[in-house]
Structure formats: structure tokens, C-alpha cells
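# Please find the sequence and the predicted model below.
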Protein chains: 2
Amino acid sequence: MKTFTIGQVAEKIGVTVETIRYYEHEDLIPPVRRDEGGRRVFTDDDINHIRLVIEMKKADVPLKDIAYFASWRGDGDDSLEARYEFLEKHELTSEAEIKQLEKSLAFLHYKKWYYKTAIEAGTENIHLLDGTLEVSEDTLNEYAQLLKNSDAKTLGKR
Amino acid sequence: MKTFTIGQVAEKIGVTVETIRYYEHEDLIPPVRRDEGGRRVFTDDDINHIRLVIEMKKADVPLKDIAYFASWRGDGDDSLEARYEFLEKHELTSEAEIKQLEKSLAFLHYKKWYYKTAIEAGTENIHLLDGTLEVSEDTLNEYAQLLKNSDAKTLGKR
DNA sequence: CTATCACCTAAAGTTAACTTCAGCTCAAGC
DNA sequence: GCTTGAGCTGAAGTTAACTTTAGGTGATAG
């Protein structure tokens, strides 16, 4: 079977060799085989383990949790349920994160519209009550009205 | 105008008083007025500043960046363009984050389906090539087929 | 045959965003 | 008149996920 050095693996999957050693040290991947000199010898399986860690990281799964998941692999078929539940839990977390980010995005769209119109008017004062920093009802109502016929993203565009 | 102590503000918006002091210290909000004893006296404007920081944080804007945005407020209408561009930049970042999370979610769905079917079979071996850890083409093809008629989320459900 | 390069380990350092701590002030309740 | 509680400051500590450093080995290119 084809094998790789740590440098080759790092290159292949786009992380540093230090990160790979760190992942092994933290038990996010199973211990990698060594040659007579103590150097790591990676197989495709090892590479897939690292890729799995990276995929989970992208889903914002903390390394601590990934370590649990990794440890269950050692339990074979006995841990299938545990692994399923783990994935379900993080599925819910990811869904919630997406929803929150979508709200935040809507907020950014509103803010863009706010500044776009301020720029067009030459001043932010068109949105503020007299000399305060409070946004006027008029501005809020206008935006709410506009949202009925256009989408937030478009409204924010210049 | 109504004013509040730091404790009242913390309570009102759900952060600790330490966090509020930290935000002021880091210039994420303008310096808050003090009473004769040196204690902070918050107005609704101050509260809105803190709320803005929190909203931006939810959009994963780093505090360092929020500090820039905050500093531009001092430049008044001269910084409207800068603020618009700032929002546009973070809009793009948020959109990219959402897209990544959606990919990750699809990955979690696939993994759930993988373990769901393994649980039903009583073993993960149905998905693996002989004694290895490599997932078989059959499994991958089957999932690809199933995706044509159902959505990933449903496929992962038990 | 020696210098360079990839590799190794253990330990210390880094960054973000807070939190905790030590030590001090002041108004209010008993 | 003393204690309690909320506030204050500056500095040190915390956590995650790495990165950097210091010091050491062994194959290979010149």
C-alpha cells in the first residue's frame, strides 16, 4: 500500500506538519505507524482521518468533541449509536448557526441601506432624531415598507 | 433623560458588567459619562452602542474590526463611505460563512445516513471494503442515487 | 565527510475575547 | 459607626487551537 511522509501529507491536504502532529498528540486521529527511525508513515486511511477532522472543524465542531468521536472508532460497531447521536447534536448546532448568521446578514443589509441612503443624502442626519443618535421611526418604517417589495440584499446595494 | 448604572445595563442586555467595561476599554463603544464618584452613567445611546457591538459579534466580526467601525463614528459624515464598505466586506464574509456551513451540514447529513444504515445493519462493515476503513463505491453510489429523490436531511433521519 | 534537510519531542509562546483577582471608594442599611 | 454591596482600576489568568522554539537524530547531496 502507498505510504507518505508527514511533509507529503501536509502538502497534499494543505495544513502544516505541526498541525498534523498536534492532531495526533490530541488523539484526534489514531496513532500513526512509525518506521525504524521513529518517523511517521502515513497511509490513505491516516489521511482520511485527518480529512475527517478538518471537515468537522469546518462544521465548527470543537476539537475536544472530535476527540470523542475519534475515540469511539476504537469501540467498533458498539459505538454506532453514540456516533449517530453525536452527528445529530452537531447537525442541530450547525442549523442554529446558519439561522443566526442569516439574521446577522439581514442586519448587515439593513445597515448597508442605512448608510447607502445617508451617503446619497450627504449626511446621516436624515435618519436621526434632531441632534441625537437615535434612529427615527420614519427611517425604520421606510425600510419596513421597502422590504415588502424588494429583498434586503438588493436594498443595500449601491 | 433616563440613565442607568452598569449593573442595570448588564442585566438589561444580558452581558456581565466586566464585559461592558472591557468593551469601553477596547474602544468598542465611546467613553461613558461618569458621575462625581467616577461611576459610569449610561444613556439609551450608550446601550445602543453596546447592542451594536453584540450584533456585529453575532455576524462574526472581530472586535478589532468593530473598534474601527466605532472610531469612524467620531468622523461623522466624513466616514459614511468607509462604514458602508466595512459593512459590504463583512456581508461577503457572512455569506461565505453561511455557504461553508451549508456544505458542512450536507456532510453531517451524509454521515448520519451512513451511521443510520450501519445501525440498521448492525455493523459498519456494510459500507467498508473488505477489512479496510475505506468506504465502498457502492455506498457512495447508493447515497448519490438516494439524493436524487430525497433531501439529505431526511435521509439522515431515523 | 560534513553540512543540510526532513524528521522527532517536549515545552513555551500566541491571539482573541473575556474572566478573575487584589485592592480601593463610597453610599446605604442596621 | 460599621458592614455590606456596587462600582472602580490595572494586572494577571483562562481557553482553544495552534505555532514557535530549543535541542536532537539520521539520510543524502556535494
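Thanks, I have the structure now.
# Please identify the residue of chain A positioned nearest to DNA strand C.
Residue nearest to DNA strand C within chain A: A:Gly7 (2.4 Å; CB to the nearest atom of the strand). All C-beta spots, glycine's among them, are computed from the backbone N, C-alpha and C.
# Next up, the contacts around A:Tyr110.
Contact analysis of A:Tyr110 by CB atoms under 8 Å, 6 or more residues apart in numbering or on different chains lists A:143, A:152, A:156.
# Between those residues, which sits nearest B:Gly37?
A:Tyr143 (41.3 Å; CB to CB).
# Doesn't that closest one belong to a strand?
No - the assignment for A:Tyr143, made by DSSP: H, G, I helix; E, B strand; the rest coil, is helix rather than a strand.
# Now do it: how many residues are near it, please.
For A:Tyr143, the tally of surrounding residues (other CB atoms under 10 Å in any protein chain shown) stands at 18.
# For chain A, which residues are neighbours of DNA strand C?
Residues of chain A lying near DNA strand C by CB under 7 Å from any atom of the strand: A:5-8, A:10, A:17, A:21, A:38-40.
# Buried among those? Make that a ChimeraX selection.
Here is the ChimeraX command that selects the buried residues among those (16 or more other CB atoms under 10 Å in any protein chain shown):
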select /A:6,10,40
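# With secondary structure, pLDDT and distance to B:Lys111 as new columns, can the residues of chain A next to DNA strand C be given to me in TSV?
Putting these into TSV (DSSP: H, G, I helix; E, B strand; the rest coil; pLDDT from 0 to 100; distance: CB to CB, whole Å) gives the following:
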residue	secondary structure	pLDDT	distance to B:Lys111
A:Thr5	coil	98	29
A:Ile6	helix	98	27
A:Gly7	helix	98	29
A:Gln8	helix	98	27
A:Ala10	helix	98	25
A:Val17	helix	98	27
A:Arg21	helix	98	26
A:Gly38	coil	95	34
A:Arg39	coil	97	32
A:Arg40	strand	98	26
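# Before I go, just wanted to say thanks for your time.
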